[in-house]
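Engineer: here are the coordinates; sequence isn't available:
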């Protein structure tokens, strides 16, 4: 499987893979001796604050929506360690990065305000009345 040349965003803009910084380390978990000597965990970092290929609007939306996931330098970081090879984890990291960016760029649905129906209002008032009557019956009365 070959790696794609760019991360394609839903806006049609593209981020070249050369903008992504990859680093590897040893994965944790089970795997015997192999896991102790091979660096298969891949970390991908993309600096969103320095992306000249993105429009101002796209950059602002990404920084706003992904702000909590960015570090102090403005890097978006994803990690892939599920695969047993560095190549598979690298592809997974690129896929995760693309998904995060595209989800952040997805327009939010506008909420259409609705009014409660007459039936819902009637049921609510009946329930309130029943509750009121129940509490009224609990009151102590002096019959003398």
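Structural biologist: All right, it came through fine. A quick note: this is a predicted structure, and the numbers were derived from the prediction, not measured.

Engineer: Which parts of this protein are helices?
Structural biologist: For the chain, helices defined by DSSP state H occupy the ranges 33-37, 56-65, 86-105, 118-138.

Engineer: Mean neighbour count, those: which tops it?
Structural biologist: Across the helices of the chain, averaging neighbours per residue (mean count of other CB atoms under 10 Å) puts helix 86-105 on top, at a mean of 18. All C-beta atoms are positioned from the backbone trio N, CA, C, and that covers glycine.

Engineer: I'd like the helices of the chain as a markdown table, with distance to residue 73 and mean pLDDT appended.
Structural biologist: Below are those laid out as a markdown table (distance: least, CB to CB, whole Å; pLDDT from 0 to 100):
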| stretch | distance to residue 73 | mean pLDDT |
| --- | --- | --- |
| helix 33-37 | 30 | 73 |
| helix 56-65 | 13 | 89 |
| helix 86-105 | 16 | 93 |
| helix 118-138 | 51 | 95 |
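
Engineer: Find the centremost residue of this protein, please.
Structural biologist: The chain has residue 100 as the residue nearest its centroid, 6.4 Å off, counting by CA atoms, centre = their mean.

Engineer: who's in contact with that one?
Structural biologist: Residues counted as contacts of residue 100 (CB atoms under 8 Å, 6 or more residues apart in numbering) are 66, 69, 76, 78.

Engineer: ok, those vs residue 134, which is closest?
Structural biologist: Set against residue 134, the nearest of the contacts of residue 100 by CB to CB is residue 69 (50.5 Å).

Engineer: right, and that closest one touches residue 63 too?
Structural biologist: No. Contact criterion CB atoms under 8 Å: residue 69 and residue 63 do not qualify, at 10.5 Å.

Engineer: Quick check: pLDDT value at residue 2.
Structural biologist: The score at residue 2 is 43. That number is its pLDDT.

Engineer: With the one 3 residues further on instead?
Structural biologist: Listed pLDDT for residue 5 reads 77.

Engineer: How about it: what's its closest non-neighbour residue?
Structural biologist: Computed as CB to CB, 6 or more residues apart in numbering, the closest residue to residue 5 that is not its neighbour in sequence is residue 17, at 6.3 Å.
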